[in-house]
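>>> Task: produce atomic coordinates for the following.
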Amino acid sequence: MKLHRTTATHLNQFTGYGEGYVMVNEERFDGSLIVTPTEVREWRPVRFEDLQEDDFASLLALAPELVLLGTGERIRFPHPRLSRDLAAAHVGLDAMDTGALCRTFNILTAEERKVVALVLMA
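As a prediction, this is how the structure comes out:
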């Protein structure tokens, strides 16, 4: 599905997604990603089952208000022990399917919120 860009051209925006990929600023990515309003980088876990506490704890260095976890075609919720460092720092974690993650991230970045998107492809 193709998404339309907002007027926030200086920020990363999801511009499309489909089975096994997302597009950020018209560039296609096929692996797991961390996306912030200003940065895109690979993320260690390949599958939902690979998630570990360190995957979430390391996000605190990015100082997010909210972390969006995209779990593919269906919503899957990580065990609370995995994200306890985020909770202790009062950082919200919201799990959703990839399409919802893309749309929500775009809205929040346009509002200049400190959001981090975690994209799992499998």
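
>>> quick one, what contacts residue 77?
With contact set as Cβ atoms under 8 Å, 6 or more residues apart in numbering, residue 77 has these partners: residue 95. No exception for glycine: its C-beta is placed from N, CA and C like everyone else's.

>>> Please report how far it lies from residue 14.
Using Cβ to Cβ, to the nearest Å, one obtains 21 Å as the distance from residue 77 to residue 14.

>>> go on, residue 52?
Distance from residue 52 to residue 14, counting by Cβ to Cβ: 25 Å.

>>> And these two? Which one has more around it.
For residue 52 versus residue 14, the count of surrounding residues by other Cβ atoms under 10 Å is larger for residue 14: 26 against 12.

>>> Now do that one, the pLDDT please.
Listed pLDDT for residue 14 reads 98.

>>> The residue nearest to residue 76 when sequence neighbours are not counted: neighbour count?
The spatial neighbour of residue 76 that comes closest, neighbours along the chain excluded (Cβ to Cβ, 6 or more residues apart in numbering), is residue 48 at 5.2 Å. Burial of residue 48 is recorded as 16 neighbouring residues (other Cβ under 10 Å).

>>> what ranges do the strands span in the chain?
14-18, 21-24, 27-29, 33-35, 40-42, 66-70, 92-96, 115-119 (DSSP state E).
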